[in-house]
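A.B. asks: return atomic coordinates for the entry below.
(one chain, ligands or ions: 1)
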Amino acid sequence: MLLTITTTYSPATELGYLLHKHPNKVQTFPLTFGQAHVFYPEATAARCTAALLLSVDPVGLVRGKTRGDGLVDQYVNDRPYTASSFLSVAIAQVFGTALAGHCKARPELVEQRLPLEATIAVVPSQGGTPLIRSLFEPLGYTVSATSYSLDEQFPQWGDSPYYTVRLSATLPLYQLLNHLYVLIPVLDNDKHYYVGDDEVAKLLRHGDGWLEFHPERQLIAKRYLKRSRHLTTIALSRLVPENVDEEPSSLTPENQVPSLHEQRLMMVVEELKKHESHRVLDLGCGEGRLLRYLLKDPSFKEVVGLDVSHPALARAQERLHLDRLPSHLDGKVTLLHGSLTYRDRRLEGFDAAALVEVIEHLDLSRIPAFERVVFEFARPKVVVVTTPNAEYNRLYPSLPQGAMRHKDHRFEWTRQQFADWAQKVARRFGYAVRIDGLGPQDPTVGSPSQMGVFTQHVG
Ligand code: SAH
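C.D. replies: Predicted coordinates for the structure are as follows:
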């Protein structure tokens, strides 16, 4: 099994720094299932190719294990020749630093988009070329796949499910490695080396920043986790930072409209209108779900969305079609990149600010800074804050006990904790506060989400 990565970035040999493997050396790394060799078939300033050759030892794999499968199948199989989860393990072990997006020698190259081409020989795909395309094309790759006949001497046997796949795109190297790490085992639908709870964490870590937007994310999660429904549910429910309505939904049937998040957004809009807020901030606007309502509603005249995540802002820009709005809406919404934990003069002088499911994404140690940024410096007349109610989590059967609803949540508060915080903030900064539950109310644990509406004391 051979993976090659080629770049024509100039000077191309910078690839050696990014991969932490010297172009002049051939290196061999022992793995539990065989060996990985790294070498460079070409390394010039114009073009550089790194090769990862994996030799999987099928005998070593089964040694010492007693299994019910037929013996021949244990020794004669496609594992040594095809790309599978073994390749992901090898990438993580041999190119781990590059995979994590670190490079001490060339830090400026880590995020740089480079012209890259990856060739994998061979990839198994029961879904043929369409499956390969559906996984890689949405990520911006040009894909070519060459198939092979099962046996050249017997063309009537037809094609094998094996392909040499060539992917090319201009993107940071660590992104390419993460795409391969997740998607190669997805193509290989065979037995998996091991699937445990930590595979969910791996999927989320390596899928960070792209999997949540991938149109095939359901299929990817399901196949990556080898069809474990339990694990797939957990993964999907934690996948999308912005997609807060994909909370564990066993209580609320999927077709129930509006979803919890829609209800939340409508209640926030309601509050803003009640206070006759015309110039409004959406802080931590994510992909722009609230912005969409604010854009459409003529009672809002000027709307500013702020987020710390570039990809989220790019999504918002795209989803709201901000570059081709009808003339009467043109310029109504502005997107700003910034962090809520730093004072920002662009946020001053607004009627209201909404923070929908945002504060729980901030480190607790940064909450005091955030309080001053919003309540002391930006100081809008009205601030609407929503956040999960941690007590409600036990009604989500798919959520392990004590777990939070999303991998990026730093904390989740009970009703008492939220009320204590809100009252303290209101007192300190001269606001009054009212707290409401959001979503269906359970007699014991309350509502899934909670909202605090802060209004500035007059005078
Ligand atoms: N309000 C949106 C998104 C909620 S998800 C909605 O209701 O759909 C939380 C958002 O907070 C994410 O988009 C995340 O990027 C953003 N965020 C996290 N930390 C932030 C910070 N320090 N400053 C600004 N935004 C932040």
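A.B. asks: so residue 411 makes contact with residue 365?
C.D. replies: No. With contact defined as CB atoms under 8 Å, residue 411 does not reach residue 365; the gap is 10.8 Å. (Glycine included, C-beta is placed from N, CA and C.)
A.B. asks: okay, the two: which has more neighbours?
C.D. replies: Set residue 411 next to residue 365 and count neighbours by other CB atoms under 10 Å: residue 411 wins out with 16 against 9.
A.B. asks: tell me the contacts of that one?
C.D. replies: 360, 364, 404 (CB atoms under 8 Å, 6 or more residues apart in numbering).
A.B. asks: what about the residue in the chain that the ligand sits nearest to, distance to residue 33?
C.D. replies: In the chain, no residue comes nearer to the ligand than residue 286, which is 2.7 Å away by CB to the nearest ligand atom. Residue 286 is 41 Å from residue 33, where distance means CB to CB, to the nearest Å.
A.B. asks: ok, residue 167 next?
C.D. replies: Counting by CB to CB, the gap from residue 167 to residue 33 is 24 Å.
A.B. asks: list, one by one, the residues from the chain near the ligand.
C.D. replies: Residues of the chain lying close to the ligand by CB under 6 Å from any ligand atom are 241-242, 244, 284-286, 289-290, 307-309, 312, 339-341, 356-358, 361-362.
A.B. asks: any of those buried? List them.
C.D. replies: For these, a burial check counting by 16 or more other CB atoms under 10 Å picks out 241-242, 244, 284-286, 289-290, 307-309, 312, 340-341, 356-358, 361-362.
A.B. asks: ranges for the helices of the stretch 51-200 of the chain?
C.D. replies: Assigned by DSSP state H, counting those that start in this stretch, the helices in the stretch 51-200 of the chain fall at 58-62, 71-75, 85-94, 96-99, 107-110, 128-136, 173-187, 197-206.
A.B. asks: contacts for the third one?
C.D. replies: I take that to be helix 85-94. For helix 85-94, contacts defined as CB under 8 Å, 6+ apart pick out 1, 3, 21, 29, 31, 33-34, 36, 38, 52, 54, 56, 79, 99, 120, 177, 180-182, 184-185, 188, 192-193.
A.B. asks: so where's the stretch 151-300 of the chain shaky on pLDDT?
C.D. replies: Applying pLDDT under 70 to the stretch 151-300 of the chain flags the ranges 190-197, 227-231, 233-235, 237-259.
A.B. asks: just the strands in it please.
C.D. replies: With DSSP state E, counting those that start in this stretch as the criterion, the stretch 151-300 of the chain has strands at 159-171, 279-283.
A.B. asks: what's the most buried one of these?
C.D. replies: When the strands of the stretch 151-300 of the chain are scored by mean count of other CB atoms under 10 Å, the highest mean neighbour count falls to strand 279-283 (a mean of 25).
A.B. asks: ok, residues contacting it?
C.D. replies: The contact list for strand 279-283 (CB under 8 Å, 6+ apart) reads 272, 288, 290-291, 294, 300-306, 340, 347, 349-356, 358, 374, 378, 380.
A.B. asks: out of the strands of the stretch 151-300 of the chain, which gets nearest to residue 125?
C.D. replies: Closest of those to residue 125 is strand 159-171, at 5.7 Å (criterion: CB to CB).
A.B. asks: mind checking how far the closest one is from the chain centre?
C.D. replies: Average the C-alpha atoms of strand 159-171, do the same for its chain, and the two points are 24 Å apart (CA atoms, centre = their mean, to the nearest Å).
A.B. asks: tell me which residues are up against it.
C.D. replies: For strand 159-171, using CB under 8 Å, 6+ apart, the contacting residues are 78, 81-82, 113-126, 128-129, 132, 136, 139-150, 176.
A.B. asks: partner strands of that strand, parallel or antiparallel?
C.D. replies: Paired strands of strand 159-171, with direction, are strand 114-124 (antiparallel), strand 142-149 (antiparallel) (DSSP bridges).
A.B. asks: tell me which of those sits nearest to residue 155.
C.D. replies: Closest among the strands paired with strand 159-171, once you apply CB to CB, is strand 142-149, at 5.8 Å.
A.B. asks: the closest one vs helix 128-136, what angle?
C.D. replies: Strand 142-149 and helix 128-136 are oriented at 150 degrees to each other (axes from the mean of the first three to the mean of the last three CA atoms, to 10 degrees).
A.B. asks: name the residues that touch strand 142-149?
C.D. replies: 122-123, 125, 128-129, 132-133, 136-137, 155, 157-160, 162-169.
A.B. asks: the most centrally placed residue in the chain and residue 301, how far apart?
C.D. replies: Geometric centre of the chain, nearest residue: residue 208, 3.2 Å, by CA atoms, centre = their mean. Distance of residue 208 to residue 301, computed by CB to CB: 37 Å.
A.B. asks: want to throw the strands of the stretch 151-300 of the chain into TSV with distance to residue 225?
C.D. replies: Formatted as TSV, the strands of the stretch 151-300 of the chain follow (distance: least, CB to CB, whole Å):
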stretch	distance to residue 225
strand 159-171	21
strand 279-283	34
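A.B. asks: just list the residues touching the closest residue to residue 78 other than its chain neighbours, thanks.
C.D. replies: In space, and not counting its chain neighbours, residue 78 is closest to residue 124: 6.8 Å by CB to CB, 6 or more residues apart in numbering. Contacts here follow CB under 8 Å, 6+ apart; on that basis residue 124 touches 78, 82-84, 161-163, 187-190.
A.B. asks: farthest-separated two in those?
C.D. replies: The most distant members of those, if one measures by CB to CB, are 163 and 190, lying 14.8 Å apart.
A.B. asks: tell me the helices in the stretch 201-350 of the chain, going along the chain?
C.D. replies: Here the stretch 201-350 of the chain has its helices, by DSSP H, counting those that start in this stretch, at 217-224, 229-239, 260-274, 289-296, 310-319.
A.B. asks: so how many other residues sit close to residue 367?
C.D. replies: Residue 367: 15 surrounding residues under other CB under 10 Å.
A.B. asks: pretty sure it contacts residue 359?
C.D. replies: Yes. Using CB under 8 Å, residue 367 is in contact with residue 359, at 7.1 Å.
A.B. asks: domain map for this protein?
C.D. replies: Here the domain parsing of the chain from automatic domain parsing is 2-194, 260-456.
A.B. asks: distance to residue 203 added to those domains, as CSV?
C.D. replies: Formatted as CSV, those follow (distance: least, CB to CB, whole Å):
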stretch, distance to residue 203
domain 2-194, 6
domain 260-456, 11
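A.B. asks: by mean pLDDT, show me the worst of those domains.
C.D. replies: For the domains of the chain, mean pLDDT drops lowest on domain 2-194, to a mean of 87.
A.B. asks: now that one, how far from the chain's geometric center?
C.D. replies: Relative to where its chain is centred, domain 2-194 has its mean C-alpha point 22 Å off (CA atoms, centre = their mean).
A.B. asks: and stretch 201-208, by the same measure?
C.D. replies: Between the centre of stretch 201-208 and the centre of its host chain there is 7 Å, according to CA atoms, centre = their mean.
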